[in-house]
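Visitor: predicted structure and sequence below. I'll ask about it afterward.
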Amino acid sequence: MSAQAPCKLKASDYKSGTKPVWCPGCGDFHVFMSITKAVAQLALPPEQIAVVSGIGCSSRIPAYLNCYGFHGVHGRALPLATGLKVARPDLHVICAGGDGDGFSIGGNHLLHACRRNVDITYIVMDNEIYGMTKGQPSPTTASDFDSKLAPGGPGISPFHPLVIALASGANFVARAFSGDPNGTTKILVDAIRHPGFSFVQILSPCVTFRPDQREWKTKVHPAPVTPTADAAQAARRVMTDDGFNIGILYKGSRDKYAQSVGKNVRHERNLDQEFLV
Ligand SMILES: Cc1ncc(C[n+]2csc(CCOP(=O)(O)OP(=O)(O)O)c2C)c(N)n1
Ligand code: SF4
Ligand SMILES: [Mg+2]
């Protein structure tokens, strides 16, 4: 049998043709573009990619991509993506969404997805706000960010998603900026290639509810360090950086979730027999 011909699609071939409804200038446009470029560079056939999301402006992304997609319920993208990858290890599973979806309602799933280390790539478009529901604070909103919905600011310290991912066992941790689509593409290519759970936080401005984030383009800078394989060192760096270091910060070598785990699980067709009284 002849080997399968490599897939030679252009980035634009991975667009579904559905017009994004994001606000003009939203950072998610560039993230979308970077994803299409990354899968084109990796020559992944669309039928071998599945993009799973939750709810939010950023979570609309599967609709705009030409591959399998699942727009799930709020905060539950990671368990869906995990189940899909375990059931269909042949698929490249990318999970995508926002800081509200992934760190608030879905925060518990993030811990366990990192810990399980199933071979999926998780992209969080972090705009430090709930964009879709008109600007409530999220776990990454600064405590003093003043808004109509939280006058004077939420008053609670934001958390460090990258440190939490490292502490929970993520095998690849990176920070990207939507306004740097080439750099983001490169990081995504590496993240998709890396075995195990790879976590990419993409700073992606919400121009409508966080107009201050237009300044991010002047604040981001390449991380002055090369990726480390020492999770504690990576965590220390993230705890002490200015939040605008862009690059791959940690590359681990933990074994990904073994496909053999669960092989002894009893088949569901025997279940009714087991529960007979
Ligand atoms: C169970 C449930 N609770 C609340 C909501 C309302 N809701 C929709 S999107 C969202 C937050 C989205 O924020 P984020 O994930 O940061 O995405 P963004 O819109 O900023 O890209 C919330 C709270 C919902 N859809 N379902
Ligand atoms: S509300 Fe914010 S996050 Fe949502 S589409 Fe508009 S700019 Fe993007
Ligand atoms: Mg958000």
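Guide: Ah, there it is. Ligands and ions are numbered 1, 2, ... in the order given.

Visitor: and the helix or strand bottoming out on mean pLDDT in the chain, what's buried?
Guide: When each helix and strand of the chain is scored by mean pLDDT, DSSP states H and E, helix 271-274 comes last, with a mean of 70. Going by neighbour count (16 or more other CB atoms under 10 Å), nothing in helix 271-274 comes out as buried. For glycine as for every other residue, the C-beta is placed from the backbone atoms N, C-alpha and C.

Visitor: what does the stretch 1-150 of the chain put close to ligand 1?
Guide: 55-58, 74, 97-101, 125, 127, 129-133, 138 (CB under 6 Å from any ligand atom).

Visitor: now with 5 Å, please.
Guide: Residues of the stretch 1-150 of the chain lying close to ligand 1 (CB under 5 Å from any ligand atom) are 55-58, 74, 98-101, 130-133.

Visitor: could you pull out the helices in the chain for me?
Guide: Using DSSP state H, the helices of the chain run over 28-41, 61-64, 77-87, 99, 107-116, 161-168, 181-193, 216-219, 231-240, 271-274.

Visitor: list phi and psi for D242.
Guide: Backbone torsions of D242, given as degrees, to the nearest 10, read phi -90, psi 10.

Visitor: ok, and the closest non-adjacent residue to it?
Guide: K219 (7.7 Å; CB to CB, 6 or more residues apart in numbering).

Visitor: distance of that neighbour from ligand 2?
Guide: For K219, the distance to ligand 2 equals 18 Å [CB to the nearest ligand atom, to the nearest Å].

Visitor: pretty sure that residue contacts I246?
Guide: No: shown here, K219 and I246 do not form a contact pair, counting by CB atoms under 8 Å, at 10.2 Å.

Visitor: mind checking which of the two has more residues around it?
Guide: The neighbour comparison of K219 against I246 (other CB atoms under 10 Å) goes to I246, with 20 against 12.

Visitor: quick check, pLDDT for K263.
Guide: K263 is assigned 57 on the pLDDT scale.

Visitor: hey, which of the helices of the chain is tucked in deepest?
Guide: Most buried of the helices of the chain by mean neighbour count (mean count of other CB atoms under 10 Å) is helix 99; its value is a mean of 27.

Visitor: for ligand 3, what are the nearby residues on the protein?
Guide: Residues of the chain lying close to ligand 3 by CB under 5 Å from the ion are G98, D99, G100, N127, G131.

Visitor: from the residues you listed, which land in strands?
Guide: Within the residues of the chain next to ligand 3, residues falling in strands by DSSP state E are G98.

Visitor: pull out the buried members of the residues of the chain next to ligand 3.
Guide: Applying 16+ other CB under 10 Å to those flags G98, D99, G100, N127, G131 as buried.

Visitor: ok, of those residues, which one's closest to ligand 2?
Guide: G131 (2.9 Å; CB to the nearest ligand atom).

Visitor: what's that closest one in contact with, if anything?
Guide: Residues near G131 by CB atoms under 8 Å, 6 or more residues apart in numbering: C26, G56, C57, S58, G98, C206, T208, F209.

Visitor: do you know how far the last one is from Y130?
Guide: So the one you mean is F209. Distance, F209 to Y130, by CB to CB, to the nearest Å: 8 Å.

Visitor: who's the closest spatial neighbour of A50, skipping the chain neighbours?
Guide: Using CB to CB, 6+ apart, the nearest residue to A50 is Y68, at 4.0 Å.
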